[in-house]
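Asker: sharing a model prediction with you, sequence too.
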Amino acid sequence: MQQTQLFPSDSQRNDCTKIEMPDADVRFYPNWMEHSDALKAFKTLQSELQWTQQDIVIFGKKHKSPRLQAWYGDADAVYTYSGLKMTPLPWHNTLLRIKKACEEVANITFNSVLANLYRTGADSMGFHADNEAELGDMPVIASVSLGATRNFDFIHNKTKEKVRVPLTDGSLLIMQGQTQSHWKHGINKTKRVTMPRINLTFRHITQR
Ligand SMILES: O=C(O)CCC(=O)C(=O)O
Ligand SMILES: [Mn+2]
């Protein structure tokens with residue numbers, strides 16, 4: 001009797017859609033992780049990473065960041081993000097395992113990861129580009145999503161064209177080429193989502 005296959009085969013894992021966006025190179029792998037693996041990683045990272053809620057300053061006023069974050073990486077991968085200087089925590093095994101798998105797809109090495117925990121749909125990330133000097137000219141960013149699906153919205157700097165990619169559990173999104181120079185991205189709040197989501201953005205930081 002033929003067995004029903006519950007988890008993605010290798011070919012599903014490699015399923016890739018190049019998102020139609022001018023001045024950008026964005027690739028989406030919806031079935032990149034098996035669901036069981038994604039769930040296990042979610043639980044481990046939710047309980048074992050050192051999540052903190054950063055203070056952010058908007059128009060001179062201090063606010064609590066609308067999500068939890070943690071920065072892991074090689075000791076020298078110091079990064080300034082939204083005006084905050086972040087010194088990485090030493091790698092967690094689960095992050096290292098996922099990092100290795102991302103490196104195989106992206107064909108480059110990463111030395112750090114920004115982990116974001118959106119506790120519910122009330123958590124969000126404002127529109128921004130990952131264009132800090134430490135990332136270099138054409139950064140390659142590998143973004144892994146675990147847990148609740150959240151919409152990832154892009155807006156073109158000049159034309160204001162909008163593109164939406166629902167980032168599903170176990171998916172991988174790779175942004176490269178000119179993407180950060182021409183587009184901003186963000187995660188809007190939504191009343192429709194009550195469950196948490198973890199996002200991991202692997203980056204390569206170079207010190208000048
Ligand atoms: O949660 C996401 O998918 C986006 C994360 C992001 O843009 C970032 O960490 O810079
Ligand atoms: Mn970003």
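Answerer: Sure thing, it's come through. Ligands and ions are numbered 1, 2, ... in the order given.

Asker: shaky segments in this structure?
Answerer: Low-confidence segments of the chain (pLDDT under 70): 1-9, 11, 81-83, 208.

Asker: tell me if stretch 78-97 is near ligand 1.
Answerer: No. In terms of Cβ under 6 Å from any ligand atom, no part of stretch 78-97 sits within range of ligand 1; the closest distance is 7.7 Å. The C-beta positions use only the backbone N, C-alpha and C, and glycine is treated the same way.

Asker: start and end of that stretch, how far apart?
Answerer: 21 Å (Cα to Cα, to the nearest Å).

Asker: not counting its own residues, what contacts stretch 49-69?
Answerer: 70, 72, 82-84, 89, 92, 114-119, 122-125, 189 (Cβ atoms under 8 Å, 6 or more residues apart in numbering).

Asker: mind listing what's buried along that stretch?
Answerer: For stretch 49-69, a neighbour-count test (16 or more other Cβ atoms under 10 Å) marks L49, W51, S65, P66, R67, L68, Q69 as buried.

Asker: so of those residues, which ones are in helices?
Answerer: Among the buried residues of stretch 49-69, DSSP state H puts none in helices.

Asker: ok, and of those, which contact ligand 1?
Answerer: Counting by Cβ under 6 Å from any ligand atom, no member of the buried residues of stretch 49-69 reaches ligand 1.

Asker: report the two of these separated the most.
Answerer: L49 and P66 (17.8 Å; Cβ to Cβ).

Asker: in this protein, which residue sits closest to ligand 1?
Answerer: N199 (3.3 Å; Cβ to the nearest ligand atom).

Asker: surely that residue meets S124?
Answerer: No. Between N199 and S124 there is no contact under Cβ atoms under 8 Å: 11.7 Å.

Asker: which residues do the two both contact?
Answerer: Y118.

Asker: those two: which is more packed in?
Answerer: Under the criterion of other Cβ atoms under 10 Å, the comparison of N199 against S124 puts N199 first, with 23 against 15.

Asker: SS state for that one?
Answerer: strand (DSSP: H, G, I helix; E, B strand; the rest coil).

Asker: list the contacts of it.
Answerer: A115, N116, Y118, S143, V144, S145, L146, R150, L167.

Asker: tell me the residues of this structure that contact ligand 1?
Answerer: So the chain meets ligand 1 at L114, N116, M125, D130, S143, F152, L167, H185, I187, N199, T201 (Cβ under 6 Å from any ligand atom).

Asker: perfect, that will be all.
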